[in-house]
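J.: A predicted structure for the sequence below; I have some questions about it.
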Number of protein chains: 2
Amino acid sequence: MTATPTPRVTIKDVAARAGVSKGAVSLAFNHKPGLSEATRDRIFRAARELGWAPNLTARTLAGSRVDVVGLAICRPARLLGLEPFYMEFISGVESVLTEHSCSLLLRLVRTVEEETGLQESWWRGRQIGGSILVDFRADDPRVAMAERLGMPVVAVGHPSLTGGLTSVWTDDTTAVTEAVRYLAALGHRRIARVGGAAALGHTSIRTAAFDEAAGAVGLAGAWQVATDFSGDAGARATRSLLTASAPDRPTAIVYDNDIMAVAGLSVAAEMGLSVPGDVSLLAWDDSQLCRLTHPTLSAMSHDVHGFGAEVARTLFGVIMGGGAGAHPVPTPVLTPRGSTAPPR
Amino acid sequence: MTATPTPRVTIKDVAARAGVSKGAVSLAFNHKPGLSEATRDRIFRAARELGWAPNLTARTLAGSRVDVVGLAICRPARLLGLEPFYMEFISGVESVLTEHSCSLLLRLVRTVEEETGLQESWWRGRQIGGSILVDFRADDPRVAMAERLGMPVVAVGHPSLTGGLTSVWTDDTTAVTEAVRYLAALGHRRIARVGGAAALGHTSIRTAAFDEAAGAVGLAGAWQVATDFSGDAGARATRSLLTASAPDRPTAIVYDNDIMAVAGLSVAAEMGLSVPGDVSLLAWDDSQLCRLTHPTLSAMSHDVHGFGAEVARTLFGVIMGGGAGAHPVPTPVLTPRGSTAPPR
DNA sequence: GATACGGACTTTACCGGTTAAGAAAACGTT
DNA sequence: AACGTTTTCTTAACCGGTAAAGTCCGTATC
């Protein structure tokens, strides 16, 4: 990219107009002591008249402050578009960043390796003051990267996945257990779970929790399928689960996100099965989408916006040199709606 | 945000290790002539050994290049989370930015005023090399802003809204006309449209086009409702349209996005009306969601990812000092699925 | 009345690169 | 051998801020 011919106003112009030195202008704009009210006013007036605002690039270079945080998301673009989760998460993050006049540098990447490279170059290039790491997997290379670089990060994921990094996490184990117990309490004895991408750490955690819970409540049948989070995959998985003959067919299905649950609902309809009569469906994340279907979808709800906000707050804590440790956010709670009922 | 104690490697360290001056390292890394192959190799080797990469902040300050583009989206966070459109759009933009090792600076804002302020400070602060402006409204202040600042931007919207700015736009008028003609051809005589936010320019354009088309094909009834794009609003609008008694009730409804169409589908089901038997529904944008419902949703489909990519390409053109004018992208095409049929 | 002190600024040296101008060595020419 | 040309590299001045150290001045202290 080449320059544009805009006549840039610099701190020098403001200083000249206010009849002071650059340093004085800098003091004024950083609200530091050492200036009289009168001078301060003159400086601000001059700046306003010239339409000047500090050049953040120069400020970053000179000082030690960087008011941008990074976020790289590693999922196929096709799927991201549909995941209400991320936009809500981002909007939560933004809500806190904005209070600190901080911006979000976003990038979609294809692989974890690409992400580590990107994060490293962002950090080395002082593009960011810290970063949010999401979608952890087992032995995630980003743990070592962040530690090696001494980069302030907050890891979104269970502490068992995020090593020594400061983390923000939801208790998926408890949530999965609650979901299974709820369905079992309704009388379901054969429950399936349509999970997310097998490579992701939280998927393994939920998978293990589901097995555990299924055993604990003594289910007669428990199935689990891994998908890529897409609606298509959710539909395929549901179809194959529901085509089984009656005794082998689950009477309830839990999904790892709401898109797949919507797809499941449609598959049931297409197969002539009634929801919740023939099969109960339980979604996860609970975006607005769950209230737009017919029947409405019961879901494990999550304050995704608040989650994002908490992540951002934690990141600021880390950047300021504190706030280490694992920060739990409230466990998703069951929100029963029209898609779950006792089996017929 | 305060600094972290990472020992940063700078160009000076690389120069020292390679036994040359800073300038030589700079020349090597910018692939400029004036260095022997041998020296170049030594420099690159030294850089590799030290794990050095040029500091983008310093590079930006010194040179005239900024490899970040801005995007501010002005819709309530709650709605954004659900709009598949934006994430897909962003992923399209990113796909092109990545090729140019360029990043996206994203911010959610509440008002256009807030956006103009933000864009201006981004530009003045040299945070961005250019910007993508979306969601234009009548007499949009951003047109004047971009011109005043001489900031390279590409406006996403119809040329009638974007003034003299370089724009990328879809022909909504033709698309709306096609939608109405299609429904009329199926035999529908009473068609309603559940539109988006009235303040947005493209909504007015579609509203006008709908009226026009309704007149041209001689409909017996044509209704239009403005919403905020949310599923809830779509549901409310649909409910009120469908509660009318038979002669006054539309037999087909066109929605301005797919979320509202999904909501409409559910309202029809809840009211005991069959789709497409009693009422046909036609969605807009056509994300994956339209294929996940039952019946599947007919839609005016759009290559949103490609749209985003085209916008990014156009922005690069503008930044390079060319590419002005209005760039049309293909008109949405009708994709008939299960939710549209002749009226009973 | 000399000394100390604190407030209000200014000076100056960076931050980590780029780039124009300058200098030294290598080369070809007559 | 003397002289212009390149080629290769160095120097030094920016870019637009920040921040530590320095200057100047009015006032309180003994």
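T.: The structure has been received and is ready for your questions. Residues are numbered from 1 along each chain as shown, chains lettered A, B, ... in the order given.

J.: any stretches of the stretch 51-200 of chain A with poor pLDDT?
T.: When residues are selected by pLDDT under 70, those of the stretch 51-200 of chain A lie in A:77-82.

J.: would you mind naming what in it lies close to DNA strand D?
T.: Within the stretch 51-200 of chain A, the positions lying close to DNA strand D (CB under 7 Å from any atom of the strand) are A:Trp52, A:Pro54, A:Asn55, A:Ala58, A:Arg59, A:Leu61, A:Ala62, A:Gly63, A:Ser64. Heads up, the C-betas are built off the backbone N, CA and C, glycines and all.

J.: in JSON lines, list the residues you listed along with distance to chain B, neighbour count and secondary structure.
T.: Below are these laid out as JSON lines (distance: CB to the nearest CB, whole Å; neighbours: other CB atoms under 10 Å in any protein chain shown; DSSP: H, G, I helix; E, B strand; the rest coil):
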{"residue": "A:Trp52", "distance to chain B": "8", "neighbour count": "19", "secondary structure": "coil"}
{"residue": "A:Pro54", "distance to chain B": "7", "neighbour count": "18", "secondary structure": "coil"}
{"residue": "A:Asn55", "distance to chain B": "5", "neighbour count": "20", "secondary structure": "coil"}
{"residue": "A:Ala58", "distance to chain B": "6", "neighbour count": "17", "secondary structure": "helix"}
{"residue": "A:Arg59", "distance to chain B": "8", "neighbour count": "19", "secondary structure": "helix"}
{"residue": "A:Leu61", "distance to chain B": "5", "neighbour count": "17", "secondary structure": "helix"}
{"residue": "A:Ala62", "distance to chain B": "9", "neighbour count": "12", "secondary structure": "helix"}
{"residue": "A:Gly63", "distance to chain B": "8", "neighbour count": "13", "secondary structure": "coil"}
{"residue": "A:Ser64", "distance to chain B": "3", "neighbour count": "11", "secondary structure": "coil"}
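
J.: which of those residues sit farthest apart?
T.: Of all pairs drawn from those, the greatest distance, 22.7 Å, lies between A:Trp52 and A:Ser64 (CB to CB).

J.: so who does A:Gly129 touch?
T.: Residues near A:Gly129 by CB atoms under 8 Å, 6 or more residues apart in numbering or on different chains: A:Arg65, A:Val66, A:Asp67, A:Val68, A:Val69, A:Cys102, A:Pro152, A:Ile319, B:Met1.

J.: which among those residues gets closest to B:Leu292?
T.: A:Val69 (33.5 Å).

J.: quick one: the closest one and A:Glu94 touch, right?
T.: No: checked against CB atoms under 8 Å, the pair A:Val69 and A:Glu94 is beyond contact range at 10.2 Å.

J.: comparing these two, which residue is more hemmed in?
T.: In terms of neighbours (other CB atoms under 10 Å in any protein chain shown), A:Val69 is the more surrounded of A:Val69 and A:Glu94; the figures are 28 against 24.

J.: is that one in a helix, a strand, or coil?
T.: What DSSP: H, G, I helix; E, B strand; the rest coil gives for A:Val69 is strand.

J.: please name the bridge partners of it.
T.: Assessed by DSSP bridges, A:Val69 has beta-bridge partners A:Leu104, A:Gly130.

J.: ok, A:Pro343 to A:Pro76 distance?
T.: As judged by CB to CB, to the nearest Å, A:Pro343 and A:Pro76 stand 36 Å apart.

J.: of the two, who's got more company?
T.: The neighbour count for A:Pro343 versus A:Pro76, taken as other CB under 10 Å, is higher for A:Pro343 (17 against 13).

J.: which residues sit against stretch A:237-247?
T.: Stretch A:237-247 is contacted from outside by A:192, A:194, A:223, A:225, A:227, A:249-250, A:253, A:260, A:263-264, A:267-268, A:271, A:273, A:279, using CB under 8 Å, 6+ apart.

J.: chain neighbours aside, what residue packs nearest to A:Pro276?
T.: With CB to CB, 6 or more residues apart in numbering or on different chains as the criterion, A:Pro276 has its nearest non-adjacent residue at 3.8 Å, and that residue is A:Ala341.

J.: these two touch, right, the one you found and A:Gly277?
T.: Yes: using CB under 8 Å, A:Ala341 is in contact with A:Gly277, at 7.2 Å.

J.: those two: which has the busier surroundings?
T.: A direct count of neighbours by other CB under 10 Å for A:Ala341 and A:Gly277 places A:Ala341 higher, at 19 against 13.

J.: check contacts around that one.
T.: The contact partners of A:Ala341, by CB under 8 Å, 6+ apart, come to A:Leu186, A:Pro276, A:Gly277, A:Ser280.

J.: how near is A:Ile253 to A:Leu219?
T.: 13 Å.

J.: which one of these two is surrounded by more residues?
T.: For A:Ile253 versus A:Leu219, the count of surrounding residues by other CB under 10 Å is larger for A:Ile253: 31 against 20.

J.: correct me, but the more buried one touches A:Gly264?
T.: Yes: applying CB under 8 Å as the test, A:Ile253 and A:Gly264 come out as touching, 6.0 Å apart.

J.: which residues do the two both contact?
T.: Common neighbours of A:Ile253 and A:Gly264 (CB under 8 Å, 6+ apart) are A:Val194, A:Thr238, A:Leu281.

J.: packing partners of the helix or strand containing A:His327?
T.: A:His327 belongs to strand A:326-329 when elements are defined using DSSP states H and E. Other elements packing on strand A:326-329 under the criterion 3 or more CB pairs under 8 Å, 6 or more residues apart in numbering or on different chains; DSSP states H and E are strand A:167-170, helix A:304-319.

J.: name every strand pairing with that strand and say which way it goes.
T.: Within its sheet, strand A:326-329 is paired with strand A:167-170 (parallel), according to DSSP bridges.

J.: pLDDT at the residue in the stretch 1-150 of chain A that DNA strand C sits nearest to, what is it?
T.: Per CB to the nearest atom of the strand, A:Gly23 is where the stretch 1-150 of chain A lies closest to DNA strand C, at 2.8 Å. We have a pLDDT of 94 for A:Gly23.

J.: same thing with A:Pro5?
T.: Note on A:Pro5: pLDDT of 47.

J.: picking that back up, what about the helix or strand hosting the residue of the stretch 1-150 of chain A closest to DNA strand C, near chain B?
T.: Using DSSP H and E, the element containing A:Gly23 is helix A:22-29. No: Helix A:22-29 lies apart from chain B when judged by CB under 8 Å from any CB of the partner chain; the minimum separation is 12.2 Å.

J.: again with stretch A:309-320
T.: Yes: Stretch A:309-320 reaches chain B (CB under 8 Å from any CB) through A:Phe316, A:Ile319, A:Met320.
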